[in-house]
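In: Could you work out the structure for the sequence below:
(chains A and B)
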2 protein chains.
Amino acid sequence: MSQQAANGVPHRGKVLTLDSMNPNVKRVEYAVRGPIVQRAVQIEKELKEGVKKPFTEVIKANIGDAHAMGQKPITFLRQVLALCSYPELLEDNKFPEDAKQRAQRILDACGGHSIGAYSASQGIECIRQDVARYIEKRDGGIPSNPDNIYLSTGASDAIVTMLKLLVRGEGRDRTGVMISIPQYPLYSAAVADLGAVQVSYYLDEDKCWSLDVTEVRRALNEARQHCNPRVLCIINPGNPTGQVQSRQCIEDVIKFAKEEHLFLMADEVYQDNVYAEGCKFHSFKKVLFEMGPEYSSTLEMASFHSTSKCYMGECGFRGGYMEVINMDPEVKAQLTKLVSVRLCPPVPGQALLDLVVNPPLPDEPSYTTFMKERSAVLAALAEKARLTEQIFNTVPGITCNPVQGAMYTFPRITLPQKAIDKAKEEGTVPDMLYCMRLLEEEGICLVPGSGFGQREGTFHFRMTILPPTEKLKVVLEKISHFHQRFTKEFS
Amino acid sequence: MSQQAANGVPHRGKVLTLDSMNPNVKRVEYAVRGPIVQRAVQIEKELKEGVKKPFTEVIKANIGDAHAMGQKPITFLRQVLALCSYPELLEDNKFPEDAKQRAQRILDACGGHSIGAYSASQGIECIRQDVARYIEKRDGGIPSNPDNIYLSTGASDAIVTMLKLLVRGEGRDRTGVMISIPQYPLYSAAVADLGAVQVSYYLDEDKCWSLDVTEVRRALNEARQHCNPRVLCIINPGNPTGQVQSRQCIEDVIKFAKEEHLFLMADEVYQDNVYAEGCKFHSFKKVLFEMGPEYSSTLEMASFHSTSKCYMGECGFRGGYMEVINMDPEVKAQLTKLVSVRLCPPVPGQALLDLVVNPPLPDEPSYTTFMKERSAVLAALAEKARLTEQIFNTVPGITCNPVQGAMYTFPRITLPQKAIDKAKEEGTVPDMLYCMRLLEEEGICLVPGSGFGQREGTFHFRMTILPPTEKLKVVLEKISHFHQRFTKEFS
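Out: Numbering: from 1, shown residues only, chains lettered A, B, ... in the order given. Have a look, this model is predicted:
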């Protein structure tokens, strides 16, 4: 370990090195912000410095970041946030009355009437009440208890916290966490970080990425040979796959989870992002309660929501919540204790969440503008979902399931054997080679399918449908041409 | 495990119980929001419902939450935040030009010019640059590299992340984390959560809670019998103890850390909260660099700062940063990857941090008001620090070190043997009994010293000095009377 330092003084290497750091952290991977994105940022800098490229801007379709893609914030939300930030504006007649009332109500619930005070660790009480009422309304009157609502720093925070409670054991008793493949890599990252075992079940690409309980059972039975699977994670609408689960499928999952004694984690952050005709969002909680007390009084679950997606796309505020159902009261006390260590979720994000669950009512002055803005965003997304599927499916070698919901497409790409060999030669994976080439040649930043998981021998990428319609068309065209060029080059 | 459910259907208990949950989480304790605070919240509800008490309000002196205690937000900070939230206000002539310029600059650095976009995971680049310039200025020109700055969700987030990188090993190779006693319980909580080993060194109460390297060495040598101590955590100015470390002491700590091959974590969130005459804040980084390249080119350290303390007290925004020094580049890449899983720190908190490190300049329109507000807060804190020490030291059975810095006093209380016996009888600890009685009788919420750690057989409490001066006087009087009553009752 001893080495000679630059100044000639002998010393014992670093305390913290790749070899001596937490090995779980080393195993963490998060493709959505991986090497492709790092290269994209570099290319942006090169462009600024005047380096010539075959394109003039990098289009980042790697992450569901609506505002970065030009979506405008919803006026009402931002008015209330400005009022909360600088309450002197409450005297300003430029702001509508309902915005002022919402702001005043939030401020009154804050310590010292300031969003600069810590809130309760579980979140501001009146906001948790508003969340509960919102869930009740969404689920046709099924009761929701504000004591079961935990506000969070985006949904990611709540998901990791919930997993942390569940993870324990060594060797064959290590907790297994069941996640879909393809998955959103927060899950695999958290599983690695917590030292748990990832148990993968595959979604059925041929059936529009639907979930088949038979496959989940296969994965479970295999996993039971070597670990202790205790939790089943579902993302609906799907990320990165964009499917919307049928009511029947949700019922099957609930039955399965009960039968197999699994804790259910329902990631429902795209609940307002449903576009395809005939598709409808069914919350796991609603279906659970409709299945009767045999299920609704026993199945333990948590559902997650966020201010980052849907029509608002307010990612930067890191707002979110989870609702826990049938959680053991002693465990709930432990959960409350655990979240208190981080003091509280960001209060501006909590305020924003309050507006999302408590939007302007039809008789309030902001209603018309709010609804107009909201509908415009959702209609544009629906149009872009349709367009994406349509254009990709005209390209030989690209097949694309309908984007029923969420914000992504996860098309399958056929890659020539020579490209696969080339990737191997370069020590990379074929879809990484593909996406890196696309970035260098066209300035389009996607995430390789391997970052989400895919069936052996298949290749995909994830692309958001968020660029403005005209730009999205250009992106789709460019990818189509690139795909053909790439295929030709390696044939 | 089988039990009968309410509906008569037999089932197998819960998936997630106190017995089957993560045992590390069970070991987590966080007194600052522990049972005393939960009871305080309950009492507040009872008061609202009209329950008669010997007091009319609960005064929460348990947590460093300035705004909740009535401190007004700094106008300039909030103006810029309102402008960032609702950029239409940039057209409003009510806002000063410098506030508009700051807001515009922040917005220009955001994706889509919106604080609703995700930022880079490490934080917005121009804000990291501003932080680096701020550190350089603070440290008399010692260079700071923006690449070494990581913005965070409050300081807590960065501290936990840094510890997570460092923790590894099993049995005697488990990472030991050295923390002061008394300590801020985030540290013990994180150590428990990460399954590391807490290595306690005691501060010297008789010498104004100063740190003596001899004691740190004692703790290290003992710990090496059973674990692998790799990191030394220091809080300066001290929480809960309010001491400000001398330059000599910091030099001693640095020498010790280098000698013993320890990673140094310097929690410097109270760097602007120094009140006592003759005391001065010295950053660990500055002292490190002044000690010459033998130290500055080798010692690995991280320093933490926050928007929650100092003169701004903006806890709810969860803003903060850490600077890492001499970190192995491969480990830094792992750190960047790890923080990317949570996407980014809250952007409003990042914006706020930018204003803290880049405040109005003397020739800018907001300067006068800003300086007036800032000085008023710091002067009031200094006055309250003095007052607290003075009044407590008049009470027989209370001894109180000077509050040189930070926001807390940690006085020692002498408790009669009968009170100690009574606590034992009730299955609690003596200072918890004391604080609970104080809460019930006077409506004052403090944290028992046992929540921070103290030498066996000594008792303390932590109280913030944040209530407005007149209220603080009342609080100090009430505690004084209570202490005499309590002593008498148990004598």
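In: host element of residue A:83?
Out: helix A:75-85 (DSSP states H and E).
In: For whatever helix or strand comes next after that helix, which outside residues touch it?
Out: Elements were assigned by DSSP H and E; along the chain past helix A:75-85, the next helix or strand is helix A:97-108. Residues outside helix A:97-108 that contact it (C-beta atoms under 8 Å, 6 or more residues apart in numbering or on different chains): A:76, A:79-80, A:83-84, A:87, A:90, A:113-115, A:124, A:126-127, A:351, A:354-355, A:358, A:360-361, A:364-367. In short, each C-beta sits where N, CA and C put it, glycine included.
In: Please, a ChimeraX command that selects the buried ones among the residues you listed?
Out: A single ChimeraX command selects the buried members of the contacts of helix A:97-108 (16 or more other C-beta atoms under 10 Å in any protein chain shown):
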select /A:76,79,80,83,84,87,113,114,115,124,126,127,351,354,355,358,360,364,366,367
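In: Residue A:85 contacts residue B:85, correct?
Out: Yes. With contact defined as C-beta atoms under 8 Å, residue A:85 reaches residue B:85; the gap is 5.6 Å.
In: Quickly list what's touching both of those two.
Out: Here residue A:85 and residue B:85 have A:348, B:348 as joint contacts, going by C-beta under 8 Å, 6+ apart.
In: ok, which residues in the stretch 301-450 of chain A are in contact with chain B?
Out: Taking C-beta under 8 Å from any C-beta of the partner chain, the part of the stretch 301-450 of chain A that reaches chain B is made up of A:312-318, A:326-328, A:330-331, A:334, A:337-338, A:340-349.
In: From the chain's centroid, how far away is the helix holding residue A:83?
Out: 25 Å (C-alpha atoms, centre = their mean, to the nearest Å).
In: Which strands or helices does that helix pack on?
Out: On a contact count with 3 or more C-beta pairs under 8 Å, 6 or more residues apart in numbering or on different chains; DSSP states H and E, helix A:75-85 meets helix A:97-108, helix A:347-357, helix A:367-392, helix B:75-85.
In: Mind checking the pLDDT average for it?
Out: The pLDDT scores in helix A:75-85 average 98.
In: With stretch A:362-374 instead?
Out: Stretch A:362-374 carries an average pLDDT of 97.
In: what do you get for stretch A:35-53?
Out: Regarding stretch A:35-53, the rounded mean pLDDT is 92.
In: List the buried residues in it.
Out: For stretch A:35-53, the neighbour count (16+ other C-beta under 10 Å) marks A:36, A:37, A:39, A:40, A:43, A:47 as buried.
In: What lies in contact with that stretch?
Out: Identification of contacts with stretch A:35-53 by C-beta under 8 Å, 6+ apart yields A:56-58, A:60, A:62-63, A:432, A:435-436, A:439-440, A:443, A:445-448, B:120.
In: which residues in the stretch 251-400 of chain A form strands?
Out: Taking DSSP state E, counting those that start in this stretch as the criterion, the stretch 251-400 of chain A carries its strands at A:263-267, A:301-306, A:319-325, A:398-399.
In: could those strands go into JSON lines alongside mean pLDDT?
Out: Output for the strands of the stretch 251-400 of chain A, formatted as JSON lines (pLDDT from 0 to 100):
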{"stretch": "strand A:263-267", "mean pLDDT": "98"}
{"stretch": "strand A:301-306", "mean pLDDT": "98"}
{"stretch": "strand A:319-325", "mean pLDDT": "98"}
{"stretch": "strand A:398-399", "mean pLDDT": "95"}
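In: if I read this right, residue A:254 contacts residue A:289, doesn't it?
Out: No. Using C-beta under 8 Å, residue A:254 is not in contact with residue A:289; the gap is 10.3 Å.
In: And the lowest mean pLDDT element among the helices and strands of chain A?
Out: Ranked by mean pLDDT, DSSP states H and E, the helix or strand of chain A with the weakest confidence is strand A:3-4, at a mean of 44.
In: more neighbours, residue A:254 and residue A:289?
Out: Neighbours of residue A:254 and residue A:289, each counted by other C-beta atoms under 10 Å in any protein chain shown, are more numerous for residue A:254; the result is 23 against 19.
In: From residue A:209, how far out is that one?
Out: Note on residue A:254: its distance to residue A:209, by C-beta to C-beta, to the nearest Å, is 19 Å.
In: which stretches of chain A have low pLDDT?
Out: Scanning chain A for pLDDT under 70 picks out A:1-11.
In: Report the residue ranges of every domain in it.
Out: Per the record, chain A has its domains at A:23-58+A:371-490, A:103-357, by the TED database.
In: what about the last one, how long is it end to end?
Out: Translated: domain A:103-357. 14 Å (C-alpha to C-alpha, to the nearest Å).
In: got it, and stretch A:61-77?
Out: Across stretch A:61-77, first to last residue, C-alpha to C-alpha, it's 25 Å.
In: Name the residue of the stretch 351-491 of chain A with the shortest distance to chain B.
Out: residue A:352 (8.8 Å; C-beta to the nearest C-beta).
In: Can you get me a residue count around that residue?
Out: Using other C-beta under 10 Å: residue A:352 sits among 30 other residues.
In: Can you give me every residue that contacts it?
Out: A:77, A:81, A:307, A:312, A:314, A:317, A:319.
In: now with 7 Å?
Out: Going by C-beta atoms under 7 Å, 6 or more residues apart in numbering or on different chains, residue A:352 touches A:77, A:81, A:307, A:314, A:317, A:319.
In: Let me see the contact set for the closest residue to the second one other than its chain neighbours.
Out: Residue nearest to residue A:81 in three dimensions, not counting chain neighbours: residue B:85, with 4.1 Å by C-beta to C-beta, 6 or more residues apart in numbering or on different chains. The neighbours of residue B:85, taking C-beta under 7 Å, 6+ apart as the test, are A:78, A:81, A:82, A:85, B:115.
In: what comes up buried for stretch A:434-454?
Out: Those would be A:434-436, A:438-439, A:441-454, for stretch A:434-454 by 16+ other C-beta under 10 Å.
In: One more: stretch A:190-207?
Out: By 16+ other C-beta under 10 Å, the buried positions in stretch A:190-207 come out as A:190-203, A:205.
In: do the same with stretch A:86-93
Out: A:86, A:87, A:89.
In: Am I right that the last one is in contact with residue A:79?
Out: No. Residue A:89 sits out of contact with residue A:79 when judged by C-beta atoms under 7 Å, with a separation of 8.8 Å.
In: follow-up on the earlier one: kindly write the PyMOL command that selects the buried subset of the residues of the stretch 301-450 of chain A next to chain B.
Out: Per 16+ other C-beta under 10 Å, the buried members of these correspond to this PyMOL selection:
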select buried, chain A and resi 312+313+314+315+316+317+318+326+327+328+331+334+337+338+340+341+342+343+344+345+346+347+348+349
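In: Which parts of the stretch 101-250 of chain A are helices?
Out: Here the stretch 101-250 of chain A has its helices, by DSSP state H, counting those that start in this stretch, at A:125-138, A:154-166, A:186-193, A:213-223, A:247-259.
In: centre of the chain versus the fourth one, how much separation?
Out: Spelled out, it's helix A:213-223. Distance, stretch centre to chain centre, for helix A:213-223: 24 Å (C-alpha atoms, centre = their mean).
In: Return the set of buried residues in that helix.
Out: By 16+ other C-beta under 10 Å, the buried positions in helix A:213-223 come out as A:213, A:215, A:216, A:219, A:220, A:223.
In: Okay, the second one and residue A:253: tell me how far apart.
Out: In this structure, residue A:215 and residue A:253 are separated by 12 Å, where distance is defined by C-beta to C-beta.
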